[in-house]
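>>> kindly generate the corresponding structure for this input.
(chains A and B)
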Amino acid sequence: MKSFNLFLKVLVEPVIDIDTLIKNMERVYGAAGFRFELSVEDLNLPDYNTVRVGDCDNGPLTAMQEELFEKRNGASPTDIVVYFVHSTSPVFSGCALHPPDRPGAVVVRDASRWTLAHEVGHVLGLDHVDEPDRLMTRFTGNLPDPPAPLSPDEIETIARSDFVF
Amino acid sequence: MAATPDEIMKVLNLDQPNYDEAAARLGKGALPILKEVVKTAHPLTASKAAYLAGKIHHEKSVEVLRAAKRRPEGAVRIAAAAAAELLLDHAEKSGAQKAGRVTGARDKILESAGRLVVGLTTDRDADVRRVASWSLPADAAQEKPRTIKAVRKLSKTDSSARLRDSAKAVLNRTKAARQGAGGRGKARQG
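Numbers count the residues shown, from 1 in each chain, chains lettered A, B, ... in the order given. Reported below is the predicted structural model:
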């Protein structure tokens, strides 16, 4: 079974508890044949509780993103680091734009139960899809429980990711 | 034709709305609906509504932000502060304010959004105060003494040491920008 390493850095505790977010990750990625090694750490960095993320599309990264993504605390360049923050500006549910050598994402406090899995999907190379029942929809708040399984193309993309071994 | 609630909710339900596109498409007709969303919706949806109101750059946008400022959830008030920054930036870029006089919609925005931001610098939530401090313009000492006074107060008395330091940094940037620009400039954080 292929796997990736996931570091969760909690600046602000999410409304939906982390155990639920992790279980949902395991359900989506486990069903597709992937497991992940998990590390969870609280980070006291209040200056980054709200992160400027630009348009979170093709960049450029903001200075705040560059600074935050430097705070990896032992994660290697191929480990995925997700920061739980209070908010982003602009207001998004999450953002997976990251420096090339520091894979990661931010997820906001009020995000949905599928946002963590969705943003990790972006880091692993997945793009948005138009089907509303799939993880990579643009409306994760409306996803069914569970979402439709990852497609064969998506599984292949993840398997080819530099962060999957 | 005015935007419908369905059109607006389609935007706000997105994980990452394209605010520029939505603001241009929906326009000021969306503001009354956004205000209702801000008052009643889930905090994240309400936050997106407040931010979109800031992107619409209309004097009535401030009414939406005032509703956001009244929400109990810090995230919505953070969005109000971030949206106020959008309004202030846009208004300032659209021309030089005539000091001491409210001369039109732009100046009304500068006045009302500035007042809102200063109010948010005393919010009970340090994260709200921090984002409000981002909105404080470098030329405040010349044209908005109320604003610079608020930052100075943050730098001296805020309960958060980090926020005091951030406010000091804003003041230092303000001073440097003013010196570098021969008396005018813009300080930003982030």
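
>>> what's the longest helix along chain A packed up against?
If you go by DSSP state H, chain A has its longest helix at helix A:18-31. Secondary-structure packing of helix A:18-31 (3 or more C-beta pairs under 8 Å, 6 or more residues apart in numbering or on different chains; DSSP states H and E): strand A:2-10, strand A:34-42, helix A:115-123. Quick note: C-beta positions are derived from backbone N, CA and C, even for glycine.

>>> point out the most buried one among the ones you listed.
Of the helices and strands packed on helix A:18-31, the one with the most neighbours on average (mean count of other C-beta atoms under 10 Å in any protein chain shown) is helix A:115-123, at a mean of 25.

>>> how far away from the center of its chain is it?
Taking C-alpha atoms, centre = their mean, to the nearest Å, one finds helix A:115-123 lying 4 Å from the centre of the chain it belongs to.

>>> nearest residue to A:Phe92 other than its sequence neighbours?
Leaving out its chain neighbours, the residue that sits closest to A:Phe92 by C-beta to C-beta, 6 or more residues apart in numbering or on different chains is B:Gln16, at 4.6 Å.

>>> got the residues of chain A near chain B?
A:46-47, A:49-50, A:52, A:55-56, A:62-64, A:86-87, A:89-95, A:108-111, A:115, A:118, A:138-142 (C-beta under 8 Å from any C-beta of the partner chain).

>>> buried subset of those as a PyMOL selection?
Here is the PyMOL command that selects the buried residues among the residues of chain A next to chain B (16 or more other C-beta atoms under 10 Å in any protein chain shown):
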select buried, chain A and resi 46+47+49+50+52+56+62+64+86+87+89+90+91+92+93+94+95+108+109+110+111+115+118+138+140+141
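
>>> from the residues of chain A next to chain B, which land in helices?
A:63-64, A:115, A:118.

>>> any chance of those in JSON lines, plus pLDDT?
Output for these, formatted as JSON lines (pLDDT from 0 to 100):
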{"residue": "A:Ala63", "pLDDT": "95"}
{"residue": "A:Met64", "pLDDT": "95"}
{"residue": "A:Thr115", "pLDDT": "98"}
{"residue": "A:His118", "pLDDT": "98"}
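
>>> and which of the residues you listed is nearest to B:Ala150?
Comparing these against B:Ala150 with C-beta to C-beta places A:Met64 closest, at 22.1 Å.

>>> my guess is that closest one contacts A:Gly54, does it?
No - using C-beta atoms under 8 Å, A:Met64 makes no contact with A:Gly54, being 9.5 Å away.

>>> mind listing the helices for chain B?
All helices of chain B, identified by DSSP H, fall at B:5-12, B:19-26, B:31-40, B:43-56, B:61-69, B:74-93, B:105-120, B:126-134, B:140-143, B:145-157, B:161-180.

>>> so the first one versus helix B:19-26, what angle?
So the one you mean is helix B:5-12. 170 degrees (axes from the mean of the first three to the mean of the last three C-alpha atoms, to 10 degrees).

>>> so what's residue 46 up against?
No chain in the question, so chain A it is. Contacts for A:Pro46 (C-beta atoms under 8 Å, 6 or more residues apart in numbering or on different chains) come out as A:11, B:126-127, B:130, B:160, B:162-163.

>>> that was the other one, I meant chain B.
Residues near B:Ala46 by C-beta under 8 Å, 6+ apart: B:37-40, B:68, B:71, B:73, B:76, B:79.

>>> quick check: mean pLDDT across stretch A:22-31?
The average pLDDT within stretch A:22-31 is 97.

>>> I misspoke; the intended subject was stretch B:75-93.
For stretch B:75-93, the mean pLDDT works out to 92.

>>> alpha carbons only: can I get that stretch in PDB?
Provided in PDB are the C-alpha atoms of stretch B:75-93 (Å, rounded to 0.1, in the frame of the first residue of the first chain):
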ATOM      1  CA  ALA B  75     -14.300  34.700  12.000                       C
ATOM      2  CA  VAL B  76     -17.100  37.000  10.700                       C
ATOM      3  CA  ARG B  77     -15.600  40.000  12.400                       C
ATOM      4  CA  ILE B  78     -12.200  39.200  10.900                       C
ATOM      5  CA  ALA B  79     -13.900  39.100   7.500                       C
ATOM      6  CA  ALA B  80     -15.400  42.500   8.200                       C
ATOM      7  CA  ALA B  81     -11.900  43.900   8.900                       C
ATOM      8  CA  ALA B  82     -10.400  42.300   5.800                       C
ATOM      9  CA  ALA B  83     -13.300  43.600   3.700                       C
ATOM     10  CA  ALA B  84     -13.000  47.100   5.200                       C
ATOM     11  CA  GLU B  85      -9.400  47.000   4.000                       C
ATOM     12  CA  LEU B  86     -10.600  46.300   0.500                       C
ATOM     13  CA  LEU B  87     -13.000  49.300   0.600                       C
ATOM     14  CA  LEU B  88     -10.300  51.600   2.000                       C
ATOM     15  CA  ASP B  89      -7.700  50.500  -0.500                       C
ATOM     16  CA  HIS B  90     -10.100  50.900  -3.400                       C
ATOM     17  CA  ALA B  91     -11.300  54.300  -2.200                       C
ATOM     18  CA  GLU B  92      -7.800  55.600  -1.600                       C
ATOM     19  CA  LYS B  93      -6.600  54.500  -5.000                       C
END
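
>>> mind listing what's buried in that stretch?
Going by neighbour count (16+ other C-beta under 10 Å), the buried part of stretch B:75-93 is B:75-92.
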